[in-house]
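> predicted model and sequence below, questions to follow.
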Amino acid sequence: VQLVESGGGLVQAGDSLRLSCAASERTGNMYTRGWFRRAPGKERELVAAINWSGRLYYRDSVTGRFTISRDTAKNTVYLQMNGLKPEDTAVYYCAYRRSTDWVSSPQVWDYWGQGTQVTVSS
């Protein structure tokens, strides 16, 4: 499965962006989809995830501002980011895991996109 992200860019604090991740093929329901990010000098961290049943995860720092969703007909997962802050600046990666649920460790995710840069100016 190949994943291709789009939608990153340079915005000001308080603005919104929507990231998209298109998969090259239809994946079964038993996949978990997620968004990670890596800020300069920091480890890659799980930002949001949606499991096979639609259960959602958000890290505390984005709860209430970010929304993950999927369109299975389009093989696409989205990350709507509202109220962006300078600390959200990072490269954002889409990832799929051949499992029914998420794990925060990036090592156990199976497929990755190339990443898209999000820069939030103050």
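Thanks, I have the structure now.
> show me the shaky parts of this protein.
29 (pLDDT under 70).
> that one: strands as residue ranges?
With DSSP state E, the ranges of strands along the chain come out as 3-6, 9-12, 17-23, 32-38, 45-50, 56-58, 66-71, 76-81, 90-97, 111-112, 116-121.
> of those, which is nearest residue 105?
strand 45-50 (8.3 Å; Cβ to Cβ). Any C-beta I mention is one placed from the backbone N, CA and C, and that applies to glycine too.
> each with direction, which strands does the closest one pair with?
Paired neighbours of strand 45-50 in the sheet (DSSP bridges): strand 32-38 (antiparallel), strand 56-58 (antiparallel).
> which of those sits most buried?
strand 32-38 (a mean of 23; mean count of other Cβ atoms under 10 Å).
> and the closest residue in space to residue 53 that isn't next to it in sequence, backbone torsions?
Take residue 53 and drop its neighbours on the chain: the residue closest to it by Cβ to Cβ, 6 or more residues apart in numbering is residue 100, 7.7 Å away. Dihedral pair for residue 100: phi -80, psi 0, per degrees, to the nearest 10.
> wait, doesn't residue 100 sit right on residue 55?
No - taking contacts as Cβ atoms under 8 Å, residue 100 lies outside contact range of residue 55: 9.5 Å.
> related to what we said a few turns ago, turn the strands paired with strand 45-50 into a markdown table, columns for distance to residue 20.
Compiled in a markdown table, those are given as follows (distance: least, Cβ to Cβ, whole Å):
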| stretch | distance to residue 20 |
| --- | --- |
| strand 32-38 | 11 |
| strand 56-58 | 18 |
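> ok so, going back, ok, the residue nearest to residue 53 - contacts?
30, 32, 51-53 (Cβ atoms under 8 Å, 6 or more residues apart in numbering).
> and what of residue 113?
3-5, 21, 93-95.
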